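Novice: Here's a sequence, model it:
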Amino acid sequence: MKLTQMTQYVELDKPRLIPYLGFLYDRGLVGEQNLDEDEKTYFVTERGVSVLKVVSPLIREAQRIKVRDFEAISSALSGAKFTSGIIKEKRPKRKWKLSDFIKIEMVKEES
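Specialist: Predicted coordinates for the structure are as follows:
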């Protein structure tokens, strides 16, 4: 898509759109191709498509939530006690030996 087409599609003017394109380009999500000296086209890369497959359903779901629901969710979460960090599963500590995995038999060689 040409930059002028993209500005109309996303309803942003060029000065506001160009930094976003730079951000996406730097992360390998979009690519650009020169049509001629003055014009470029932009396209979504394979990596960009992979990201869109994950992000698009999340965005659609977020758009369904009404503003009042966001406020209720925010209130509920702000009252909850959360701890940050990684939760580790507690398991009994055991030292593993090679013999736990591989059985080695010594065979006496006959002469």
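Novice: Give the closest residue to the residue nearest in space to the middle of the chain in space, chain neighbours not counted.
Specialist: What sits nearest the mean C-alpha location of the chain, by CA atoms, centre = their mean, is V51, with 6.0 Å. Excluding the flanking residues, the one nearest V51 by CB to CB, 6 or more residues apart in numbering is L29, at 6.0 Å. (Glycine included, C-beta is placed from N, CA and C.)
Novice: Need the phi and psi values for the one you found.
Specialist: Main-chain dihedrals, L29, degrees, to the nearest 10: phi -90, psi -30.
Novice: the strands in this protein, which residues?
Specialist: In the chain, the strands defined using DSSP state E lie at 30-34, 40-44.
Novice: longest helix of the chain?
Specialist: helix 46-64 (DSSP state H).
Novice: Show residues contacting that one.
Specialist: For helix 46-64, contacts defined as CB atoms under 8 Å, 6 or more residues apart in numbering pick out L24, G28, L29, V30, V44.
Novice: any idea what sits nearest the last one, other than its immediate chain neighbours?
Specialist: Just to be clear, that refers to V44. For V44, the closest residue by CB to CB, 6+ apart turns out to be V30, at 5.8 Å.
Novice: which among the contacts of helix 46-64 end up buried?
Specialist: L24, L29, V30 (16 or more other CB atoms under 10 Å).
Novice: Cool, thanks, talk later.
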